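Q: can you look at this prediction? I've put the sequence above it.
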Amino acid sequence: QKEVEQNSGPLSVPEGAIASLNCTYSDRGSQSFFWYRQYSGKSPELIMFIYSNGDKEDGRFTAQLNKASQYVSLLIRDSQPSDSATYLCAVYSNYQLIWGAGTKLIIKP
Amino acid sequence: GAVVSQHPSWVICKSGTSVKIECRSLDFQATTMFWYRQFPKQSLMLMATSNEGSKATYEQGVEKDKFLINHASLTLSTLTVTSAHPEDSSFYICSAQGQLYEQYFGPGTRLTVT
């Protein structure tokens, strides 16, 4: 069974620091990788996607993909209290999107 | 990013009645849409995959006769909860698949069955 694993947290990070969120996946044939943010009581919002090994940067967010080790991570620089949310990792594998259970991130002022 | 709308955003209905939820992709055509359900403090649960012009594919354990899905056009999918019961009360969220297999989510519909 294909799986996507995330630490449920909560992960507590001081304001202004770098938040690092990690995700591992089981299917080596996975092609596309996505990070979503979900605020409490709201629907998920797509933050970033990555397909190739290495880093992809978008503003304060950096996605990192390592296919050999089968992990994808999301770095949030200069963390703000508004970044407090649950972050969902999703992996496209064999014609379906497999979801992680999410990591709850808390940014402490 | 692409915009997906849902209507209504919240609904209260009596037990035994049916409720229809609409999901629209506003600025792109979506061949594939998805319906999820999420209970408080729990993960997203995929209910079904909806493909334009064909029958929906339901996940194991989801009753297709209770949760009717119609995807009649490239911009509209509907979910009808038939004979709703209090245990159907949940947050229902649709999404539309983009060209790179990413999903864009609607704002969700909060259903309360009394």
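A: Sure, I can see it. Residues are numbered from 1 along each chain as shown, chains lettered A, B, ... in the order given.

Q: against B:Met47, how distant is the residue sitting nearest the centre point of chain B?
A: Here the mean C-alpha position of chain B is nearest to the C-alpha of B:Trp35 (C-alpha atoms, centre = their mean), at a distance of 3.6 Å. Per C-beta to C-beta, to the nearest Å, B:Trp35 is found 5 Å from B:Met47. Any C-beta I mention is one placed from the backbone N, CA and C, and that applies to glycine too.

Q: mind listing what A:Ile50 touches?
A: A:Ser32, A:Phe33, A:Lys56, A:Ala63, A:Gln64, A:Leu65, A:Val72 (C-beta atoms under 8 Å, 6 or more residues apart in numbering or on different chains).

Q: swap the cut-off to 6 Å and go again
A: Each residue near A:Ile50 by C-beta atoms under 6 Å, 6 or more residues apart in numbering or on different chains is listed here: A:Phe33, A:Lys56, A:Ala63, A:Leu65.

Q: and these, which two are furthest apart?
A: Maximum pairwise distance in those, criterion C-beta to C-beta, is 9.8 Å, between A:Phe33 and A:Lys56.

Q: chain A contacts on chain B?
A: B:Gly1, B:Ser43, B:Leu44, B:Ile93, B:Tyr101, B:Glu102, B:Phe105, B:Pro107, B:Gly108 (C-beta under 6 Å from any C-beta of the partner chain).

Q: isn't the fourth one right up against B:Gly108?
A: In this case it means B:Ile93. Yes - taking contacts as C-beta atoms under 6 Å, B:Ile93 lies within contact range of B:Gly108: 4.4 Å.

Q: between these two, what contacts are shared?
A: Taking C-beta under 6 Å, 6+ apart as the contact rule, B:Ile93 and B:Gly108 both touch A:Ser43.

Q: between these two, which one's more packed in?
A: B:Ile93 (27 against 21; other C-beta atoms under 10 Å in any protein chain shown).

Q: so what secondary structure elements neighbour the strand or helix carrying that one?
A: Under the criterion of DSSP states H and E, B:Ile93 resides in strand B:90-97. For strand B:90-97, the elements it packs on are strand B:19-25, strand B:32-38, strand B:103-105, judged by 3 or more C-beta pairs under 6 Å, 6 or more residues apart in numbering or on different chains; DSSP states H and E.

Q: surely B:Leu74 and B:Glu52 touch.
A: Yes - using C-beta under 6 Å, B:Leu74 is in contact with B:Glu52, at 5.3 Å.

Q: name the nearest residue to B:Thr17, sequence neighbours excluded.
A: B:Ala84 (6.0 Å; C-beta to C-beta, 6 or more residues apart in numbering or on different chains).

Q: ok, that neighbour - contacts?
A: B:Ala84 neighbours (C-beta under 6 Å, 6+ apart): B:Cys13, B:Val19, B:Val113.

Q: ok, longest strand in chain A?
A: strand A:85-93 (DSSP state E).

Q: now what about it, what contacts it?
A: With C-beta under 6 Å, 6+ apart, strand A:85-93 has contacts from A:2, A:4, A:6, A:21, A:23, A:25, A:27, A:30-34, A:36-39, A:44, A:97-100, A:102-105, B:101.

Q: if we can go back for a sec, now do the strand holding B:Ile93 against strand B:19-25, angle only.
A: If you take axes from the mean of the first three to the mean of the last three C-alpha atoms, to 10 degrees, strand B:90-97 sits at 30 degrees to strand B:19-25.

Q: appreciated, that's everything.
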